[in-house]
Each structure stands twice: as structure tokens, then as C-alpha cells.
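Novice: requesting a structural model of the entry that follows:
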Amino acid sequence: MRSKNPELMEKIRTFAENYVLENGACPSTTQVGEAFGISRGTAYKYMAAMDGAGGVSYRGGVFESGATRLRKGGTARAALVGSIPCGTPEEEPEEVEAYLNLPTAIFGEGDFYILRASGDSMIKAGIETGDLVVIEKTSQAREGDIVVALVGNENTLKRYFVDRERGCVVLHPENDAMEDICVRSCVIQGVARNVIKVL
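Specialist: Residues are numbered from 1 along each chain as shown. I've put the predicted structure just below:
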């Protein structure tokens with residue numbers, strides 16, 4: 001098989017990707033050929049040669065890339081509801097700042113909301129001030145989960161443990177300079193599932 005022109009292959013890939021994103025279906029080899037002034041057979045060979053290269057697949061007349069998989073997977077709508085202290089618990093009024101669409105191919109499916117992190121108690125977990133933390137709404141948490149915990153009327157973002165010997169819940173900061181918060185009880189308002197870095 002003759003080698004393929006890499007520049008033409010990239011143009012065909014971009015054309016096919018944009019076509020799928022706009023129309024929800026793969027262009028035919030006839031359409032690809034007409035777009036680039038090549039035969040239908042040559043168009044097919046170029047499409048087939050892309051299969052398995054750079055995250056692209058072309059099988060059975062179906063073209064997929066990273067961008068088209070995100071579109072196919074759909075999105076989950078999540079409210080950005082303000083900040084969450086990564087330090088001592090503080091009272092934070094819940095106000096919806098915006099609604100964001102989260103690609104389910106990345107974030108999965110679930111009932112999510114988003115909080116903006118503030119403070120430095122979770123820096124060893126990769127959560128810094130300004131980061132957007134994707135929270136799954138749930139009242140259940142496993143030990144070691146990073147949770148939104150309501151203590152009294154105040155909330156905080158910490159790693160969750162249970163100290164059965166002392167009979168308390170341990171809210172552990174991911175910062176060696178800070179101490180654990182030990183409480184008799186707290187209400188779990190959600191579990192952190194992802195962090196979006198805001199550059």
C-alpha cells in the first residue's frame with residue numbers, strides 16, 4: 001500500500017470529526033472524496049488508515065475521535081453553588097452562580113454540583129484555592145473519601161474517617177501543618193469526584 005500524505009490525512013480527519021459533530025453521523029467516502037478531490041476508493045483508504053491512530057477509530061463506516069465520543073456521551077448539568085472552605089468549617093450560603101454541562105464521558109453519570117475551593121487544607125490532595133470541585137450528591141461516604149461535611153450549621157471539605165475507639169468522625173485535612181477535626185457527628189452532603197483546575 002502506498003504511503004499516505006500526512007497533511008491530507010490530517011485534513012480528512014478534521015473534516016470527518018467536524019462532520020460528525022455537526023451532523024451526528026459519519027461522512028460517506030463519496031463525501032470525503034468530493035471534499036478533497038480524490039476518488040471514493042482513495043478516501044476509504046485514508047479513512048481506514050486512520051483507524052487506531054491518535055485515538056481515532058473508523059470501523060463499519062463509523063468514525064470516532066475523542067471529541068465525537070464526548071458529544072456522543074452526553075452531558076450532566078451541574079450547579080456551581082459558591083465556595084467551600086478547605087480549612088476550619090465556615091458557614092457558606094448556597095447561591096447558584098451558574099450551571100455547567102459536564103461531559104459524562106469524563107465525569108460519569110450522577111447528580112452533581114460544583115463548589116469553588118477556598119483555603120489550603122486540601123493541597124496534598126491537589127485541591128487549591130479557586131479550583132472547582134465536582135461533588136456527587138450523596139449522604140453516604142466510604143472511609144478515605146473527600147466529602148462535603150456539614151458540622152452544626154457550617155460546612156467544610158475534608159477526607160472522611162471514623163475513629164471507632166474514640167467514637168468520633170475524623171475530618172482529615174490534606175496538609176501536614178493542620179490538625180484533624182474530630183466531631184461526634186456530621187452530615188455528609190456529598191463526595192468529591194473530580195477537580196477542575198482554573199488556570
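Novice: tell me the SS of the residue lying closest to L171 once chain neighbours are set aside?
Specialist: Counting by C-beta to C-beta, 6 or more residues apart in numbering, K158 is the residue found nearest to L171 once chain neighbours are left out, at 3.6 Å. C-beta here means a position set from N, CA and C on the backbone, and glycine is covered the same way. Following DSSP: H, G, I helix; E, B strand; the rest coil, we place K158 in the strand state.
Novice: swap in T68?
Specialist: helix.
Novice: would you list every one of the strands in this protein?
Specialist: In the chain, the strands defined using DSSP state E lie at 57-59, 62-64, 75-85, 98-103, 112-118, 132-136, 146-151, 154-163, 168-172, 181-183, 187-196.
Novice: mind listing what's buried along the third one?
Specialist: In other words, strand 75-85. Neighbour-count burial for strand 75-85 flags 76, 78-85 (criterion: 16 or more other C-beta atoms under 10 Å).
Novice: just put the residues you listed in JSON lines and tack on distance to I106 and pLDDT.
Specialist: Formatted as JSON lines, those follow (distance: C-beta to C-beta, whole Å; pLDDT from 0 to 100):
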{"residue": "A76", "distance to I106": "10", "pLDDT": "74"}
{"residue": "A78", "distance to I106": "12", "pLDDT": "84"}
{"residue": "A79", "distance to I106": "18", "pLDDT": "84"}
{"residue": "L80", "distance to I106": "17", "pLDDT": "86"}
{"residue": "V81", "distance to I106": "20", "pLDDT": "83"}
{"residue": "G82", "distance to I106": "23", "pLDDT": "80"}
{"residue": "S83", "distance to I106": "23", "pLDDT": "82"}
{"residue": "I84", "distance to I106": "21", "pLDDT": "80"}
{"residue": "P85", "distance to I106": "26", "pLDDT": "76"}
